[in-house]
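I need the structure of the sequence given here:
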Amino acid sequence: MRVDDFEVKPFKRFSKDYAILTAGVEGDFNSMTIGWGGFGTIWNTSVVFLFVKPTRYTYEFIEKHNEMTISFYDSKDKMKLVGVFGSTTGKKVDKAKESGFTVKPINGGVTYEEAVETIVARKLYMQEMNPDKFPGFASGFYGEGESAPHTFIIAEVARIERKEE
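Residues are numbered from 1 along each chain as shown. I've put the predicted structure just below:
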């Protein structure tokens, strides 16, 4: 699908549908559930905005590689997304095996066969968020004295693949 033809409910897509962020390339990648993100344009480029804590194992792969995918799934897979990809670490668990998902290398990254939609993206920019600049209510999203706020990531959307119905 052409990026310009992509239609989505932007305020529901990440927060309600959830997604798996996979950073890296075949043979060197890790995946995690994400619930914070958005879509837009900057520098005349279609982009996805993501927020990832540097303490997550996947973060190492984001720093190391420019390739990433953001994949969305049917609601029947929601518990696998949250239960396996969101609460276990790839350092200790083979998340694909644990979830029953099938790894699918694609040009520009890695996704899973079960994805109904995959955004293939390339990292453009990263910056650690500054807690001193947060609005007051945002502190409720972080533990007392937590020193690892999210990193803001901008990634160029190269293409979007949808599973054939």
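
How is the residue sitting nearest the centre point of the chain assigned, secondary-structure-wise?
With distances taken as C-alpha atoms, centre = their mean, residue 21 lies nearest the centre of the chain, 2.7 Å away. Put simply, residue 21 is strand when judged by DSSP: H, G, I helix; E, B strand; the rest coil.

okay, now the spatially closest residue to it that is not a sequence neighbour: neighbour count?
With sequence-adjacent residues excluded and distances taken as C-beta to C-beta, 6 or more residues apart in numbering, residue 21 is closest to residue 34, at 4.7 Å. (C-beta placed from N, C-alpha, C; glycine too.) Other residues near residue 34 come to 20 when the count uses other C-beta atoms under 10 Å.

Was I right to think residue 34 contacts residue 22?
No - between residue 34 and residue 22 there is no contact under C-beta atoms under 8 Å: 10.2 Å.

Overlap of the contact sets of these two?
Counting by C-beta atoms under 8 Å, 6 or more residues apart in numbering, the contacts common to residue 34 and residue 22 are residue 70.
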